[in-house]
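Q: one predicted model, sequence on top.
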There are 4 protein chains.
Amino acid sequence: MKINLDFNNEKSIYIQIKENIIKAIAVGNLSINQSLPSVRNMAENIGVNLHTVNKSYNELKNEGYLHIDRRKGAVVADLPLKDNETKINEIKDRAHLLISEAYLSGMEKDEFIKMCLEYYDGCGVVKNDR
Amino acid sequence: MKINLDFNNEKSIYIQIKENIIKAIAVGNLSINQSLPSVRNMAENIGVNLHTVNKSYNELKNEGYLHIDRRKGAVVADLPLKDNETKINEIKDRAHLLISEAYLSGMEKDEFIKMCLEYYDGCGVVKNDR
Amino acid sequence: MKINLDFNNEKSIYIQIKENIIKAIAVGNLSINQSLPSVRNMAENIGVNLHTVNKSYNELKNEGYLHIDRRKGAVVADLPLKDNETKINEIKDRAHLLISEAYLSGMEKDEFIKMCLEYYDGCGVVKNDR
Amino acid sequence: MKINLDFNNEKSIYIQIKENIIKAIAVGNLSINQSLPSVRNMAENIGVNLHTVNKSYNELKNEGYLHIDRRKGAVVADLPLKDNETKINEIKDRAHLLISEAYLSGMEKDEFIKMCLEYYDGCGVVKNDR
DNA sequence: GTGGTCTAGACCACG
DNA sequence: GTGGTCTAGACCACA
């Protein structure tokens, strides 16, 4: 479980942790029901406060990506997420904005779509055999 | 120039204004060299503090979407933006995260691509004939 | 004696066990003086630590739902409980909160009362003929 | 905005604050769009840490009872809550348990229903004319 | 040893 | 002045 943090980034640390974990789940580096490191453990490894990691885990739990199993700590939840109409709407909004910016930055449609296909094809491919 | 604001949204107001303007430029509701409303005017119309609008315009200027014309105030800059390697990288990062979330939310690849194509095709089509 | 557990629930496991037992007594699935499974037995059956079940039984004993019979182990106590003014007050408090939430969730009074009547009518009806 | 806290209660403080606020909204002591005291203000008044109040507000926000309006701070949300199927199910579960306990405590059905009716009739009656 | 709670103090972004 | 973030250290409930 490798977390890339940039302390100079304007993004808050707990958000960066969340995003790392979401990507790791999507790509398959973290598989369903796999335990994540304990908050203390991860906090020590990446050099941040325990509460910061805790906040990340908590939000991921609220958003349905993780469960807190009282025996195993934080584990990856069953996916795909359910009851996600609002989530889909949020994704559409973000896509709209993202594409507006890409267009205005001179990124061609084909180039954008190609990028998306690559990211999509990268999802779920890692065989995790720990 | 219609701005949709949600004061209950966790997004800050100046960000919402920025995003509205970026989308409007992309779709063609605001065209190159067109003047935006004055800070004071826009602030009054949408019911926010003058400094808030000012902050939006400023950041848009710094990001190359607007520039300040002494006679016409804030105007839409020439586009597409140049020298934007960092911008493209930022877009890729955001696309990566967005697609991870879409995948984990059960959105199919085809559906996602279809949505992207629609947004892309919506860019630049409005004939602004003020 | 069927126990429904959800290890992902934020409710602690021993609380879930307690609540299962209380409901079973109320509905009549467990009748007065009936023995419960031994701590060891129940722990094995439901896949939790022995101390966890022990804690549940202990609290149920302290609250008057169970008592310990040297020959039969934990047995369901005589009911209804007496000397329970504080218990009644606790129930009123919880009802107050519950109804506040139901009201704010748009649940109509009639609907709520109907639900209560059904649960009440379900109490004590099971003929336990083990 | 009066908050009753019991520091000796096993209930955590932030939960007690939440419950006080929910009851106040239901009864009408807090009306829709009314601002709540700032976290610092309330924290000082009731003698707890700022973060404790913050946690209460945050959870109430996540559960839909409050919005954070960036101009007015925390305000009471439009009610009743929407998308609340899971909420209703949770309420039913809690009602089931509560009624089991009431039954086993010797509370008669009529008495319980009468109590519920009183609480329900108390909802929404306070005219807040600040 | 796990996450959850509470306190405390500091800084920041926002409006 | 508002809430949001981060750090830090302590205690507790749970399993």
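A: That came in fine, so what should we check first?

Q: can you name the next helix or strand after the helix or strand containing residue A:75?
A: Assigning secondary structure by DSSP states H and E places residue A:75 in strand A:73-76. For strand A:73-76, the succeeding helix or strand toward the C-terminus, using DSSP H and E, is helix A:85-104.

Q: and the helix or strand following that next one, which residues are buried?
A: Using DSSP H and E, the next helix or strand after helix A:85-104 towards the C-terminus is helix A:109-121. For helix A:109-121, burial by neighbour count (16 or more other C-beta atoms under 10 Å in any protein chain shown) applies to A:109, A:112, A:115, A:116, A:119, A:120. C-beta: built from backbone N, CA, C; applies to glycine.

Q: now do stretch A:74-93
A: For stretch A:74-93, by 16+ other C-beta under 10 Å, it's A:74, A:75, A:76, A:77, A:79, A:81, A:84, A:87, A:88, A:91, A:92.

Q: quick one: mean pLDDT over it.
A: Averaging pLDDT along stretch A:74-93 yields 86.

Q: what's in contact with it?
A: A:25, A:30-36, A:38-39, A:57, A:60-61, A:63-69, B:98, B:101-107, B:115, C:8, D:83, D:86 (C-beta atoms under 8 Å, 6 or more residues apart in numbering or on different chains).

Q: relative to residue D:61, how far out is the residue in chain A positioned nearest to chain D?
A: The nearest approach of chain A to chain D comes at residue A:62, 6.5 Å away (C-beta to the nearest C-beta). Counting by C-beta to C-beta, to the nearest Å, the separation of residue A:62 from residue D:61 is 11 Å.

Q: the two: which is more packed in?
A: The neighbour count for residue A:62 versus residue D:61, taken as other C-beta atoms under 10 Å in any protein chain shown, is higher for residue D:61 (16 against 11).

Q: what sits against the residue lying closest to that one once chain neighbours are set aside?
A: The shortest distance from residue D:61 to any non-neighbouring residue, by C-beta to C-beta, 6 or more residues apart in numbering or on different chains, is to residue D:68 (5.9 Å). Listed by C-beta under 8 Å, 6+ apart, the contact partners of residue D:68 are B:8, B:10, D:57, D:61, D:74, D:75.

Q: now the residues you listed in a markdown table, with distance to residue A:125?
A: Formatted as a markdown table, those follow (distance: C-beta to C-beta, whole Å):
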| residue | distance to residue A:125 |
| --- | --- |
| B:8 | 39 |
| B:10 | 33 |
| D:57 | 42 |
| D:61 | 37 |
| D:74 | 44 |
| D:75 | 46 |
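
Q: among these, which one lies nearest to DNA strand F?
A: Nearest to DNA strand F among these is residue D:74, at 4.8 Å by C-beta to the nearest atom of the strand.

Q: and the pLDDT at the residue of chain A closest to chain D?
A: The per-residue pLDDT reported for residue A:62 equals 91.

Q: buried residues in stretch A:46-65?
A: A:46, A:48, A:52-61, A:63-65.

Q: how close does the closest residue to DNA strand F within chain A get to residue A:5?
A: Nearest to DNA strand F, among the residues of chain A, is residue A:12, at 2.9 Å (C-beta to the nearest atom of the strand). From residue A:12 over to residue A:5 the distance is 11 Å, taken as C-beta to C-beta.

Q: distance check, the residue in chain A that chain C sits nearest to against residue A:107.
A: Residue nearest to chain C within chain A (C-beta to the nearest C-beta): residue A:67, separated by 3.9 Å. In this view, residue A:67 and residue A:107 are 38 Å apart by C-beta to C-beta.

Q: same deal with residue A:21?
A: Separation of residue A:21 from residue A:107 (C-beta to C-beta): 28 Å.

Q: any part of stretch A:55-74 near DNA strand F?
A: Yes - Stretch A:55-74 lies within reach of DNA strand F by C-beta under 7 Å from any atom of the strand, at A:55, A:70, A:71.

Q: looking at those, which are in helices?
A: residue A:55 (DSSP state H).

Q: quick one, phi psi at the most centrally placed residue in chain A?
A: Central residue of chain A (C-alpha atoms, centre = their mean): residue A:22, 1.6 Å from the mean position. Main-chain dihedrals, residue A:22, degrees, to the nearest 10: phi -60, psi -50.

Q: excluding sequence neighbours, find me the nearest residue to it.
A: residue B:100 (5.2 Å).

Q: so what's that neighbour up against?
A: Contacts of residue B:100 (C-beta under 8 Å, 6+ apart): A:22, A:23, A:25, A:26, A:27, A:119, A:123.

Q: what's near enough to touch the residue of chain A most remote from its centre?
A: Ranked by distance from the centre of chain A (C-alpha atoms, centre = their mean), the top residue is residue A:106, with 27.6 Å. By C-beta under 8 Å, 6+ apart, the residues touching residue A:106 are B:79, B:80, B:81, B:82, B:84.

Q: try it again at 10 Å.
A: The neighbourhood of residue A:106, defined by C-beta atoms under 10 Å, 6 or more residues apart in numbering or on different chains, consists of B:79, B:80, B:81, B:82, B:84, B:87, B:88.

Q: please parse chain A into its domains.
A: As recorded under automatic domain parsing, the domains making up chain A are A:13-76, A:85-121.

Q: and the longest one, how far from the chain's centre?
A: Read it as domain A:13-76. Relative to its chain's centre, domain A:13-76 lies at 9 Å (C-alpha atoms, centre = their mean, to the nearest Å).

Q: is DNA strand E contacted by it?
A: Yes - part of domain A:13-76 sits near DNA strand E under the criterion C-beta under 7 Å from any atom of the strand, namely A:36, A:38-41, A:51, A:54, A:57-58, A:61, A:68, A:73-74.

Q: secondary structure added to these, as JSON lines?
A: Shown next, in JSON lines, are the residues of domain A:13-76 next to DNA strand E (DSSP: H, G, I helix; E, B strand; the rest coil):
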{"residue": "A:36", "secondary structure": "coil"}
{"residue": "A:38", "secondary structure": "coil"}
{"residue": "A:39", "secondary structure": "helix"}
{"residue": "A:40", "secondary structure": "helix"}
{"residue": "A:41", "secondary structure": "helix"}
{"residue": "A:51", "secondary structure": "helix"}
{"residue": "A:54", "secondary structure": "helix"}
{"residue": "A:57", "secondary structure": "helix"}
{"residue": "A:58", "secondary structure": "helix"}
{"residue": "A:61", "secondary structure": "helix"}
{"residue": "A:68", "secondary structure": "strand"}
{"residue": "A:73", "secondary structure": "strand"}
{"residue": "A:74", "secondary structure": "strand"}
